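Asks: predicted model and sequence follow; I will ask about them next.
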Amino acid sequence: MTTPLVQLTFALQSFEDPMSAAMSHTMEYEKLSLQADAAHTITLQCVLPDAAHEGDIISLSATHPNARGAQYFTEEALTNADLESGLVNLTLNHITQSQCFVMQMMLHGKHATLKNSLQFDMHIKAFEQGYCAPHINVERAKPQGVRKYFASMGAMFLSLF
């Protein structure tokens, strides 16, 4: 199953155009809702503003409204190919559960100066039960016991005779 690609832009809608003004009023209260795919990812396509340059960094973070830190975060350094296409894809990975988030998209220039930002609400729906991190079983080297030590010393002592 393929999910439709959502396209975001930093540009504000024109209030001079009557159709655009009507759309901005309805979009103001509408919440974006996305479904994670089978790989537990969500991809958002961003239209780059005119102020974007090669080497700038565009980032996307998803924060629960009651939390301080972002639960999901991604960033991309812009390349010349991105600037020529005018688009960049931002992917949020390891979607664990279905929740509402405050999304913030930012464009940073040289010396981490903020060039542009956009904030919106989004409801993310996890795929099936959500992402579960694989359990990695790390076997630790067991220290050599006293019994093994004496057994090896005894074998070494007997080998001398």
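Replies: Arrived safely, thanks for sending.
Asks: show me which strand runs longest in the chain.
Replies: strand 114-125 (DSSP state E).
Asks: tell me the helix or strand right after that strand.
Replies: helix 146-160 (DSSP states H and E).
Asks: show the average pLDDT along the longest strand of the chain.
Replies: Strand 114-125 carries an average pLDDT of 85.
Asks: again with stretch 60-67
Replies: Per-residue pLDDT values across stretch 60-67 average out to 88.
Asks: using PDB, write out every CA atom in that stretch.
Replies: Provided in PDB are the C-alpha atoms of stretch 60-67 (Å, rounded to 0.1, in the frame of the first residue of the first chain):
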ATOM      1  CA  LEU A  60      11.400  18.600  10.900                       C
ATOM      2  CA  SER A  61      10.500  17.700  14.500                       C
ATOM      3  CA  ALA A  62       7.400  16.200  16.000                       C
ATOM      4  CA  THR A  63       6.800  17.100  19.700                       C
ATOM      5  CA  HIS A  64       3.900  15.900  21.900                       C
ATOM      6  CA  PRO A  65       2.000  19.000  23.000                       C
ATOM      7  CA  ASN A  66       2.700  18.300  26.700                       C
ATOM      8  CA  ALA A  67       6.400  17.400  26.200                       C
END
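Asks: now do the buried residues in that stretch.
Replies: For stretch 60-67, the buried set under the neighbour-count rule, 16 or more other C-beta atoms under 10 Å, comprises Leu60, Ser61, Ala62, Thr63. Yep, even glycine has a C-beta here, placed from its N, CA and C like the rest.
Asks: distance from that stretch to the middle of the chain?
Replies: Relative to the chain's own centre, stretch 60-67 is displaced by 11 Å; criterion: C-alpha atoms, centre = their mean, to the nearest Å.
Asks: same deal with stretch 80-89?
Replies: 19 Å.
Asks: over to stretch 109-129?
Replies: 9 Å.
Asks: how far does it stretch from one end to the other?
Replies: Across stretch 109-129, the terminal residues are separated by 38 Å (C-alpha to C-alpha, to the nearest Å).
Asks: residues making contact with it?
Replies: 8-10, 31-38, 40, 42, 49, 51-53, 55-56, 62, 92, 95-108 (C-beta atoms under 8 Å, 6 or more residues apart in numbering).
Asks: centroid residue for the protein?
Replies: Nearest to the geometric centre of the chain sits Leu92, at 3.0 Å (C-alpha atoms, centre = their mean).
Asks: phi and psi next, for it.
Replies: Dihedral angles of Leu92 (phi, psi; degrees, to the nearest 10) stand at phi -90, psi 130.
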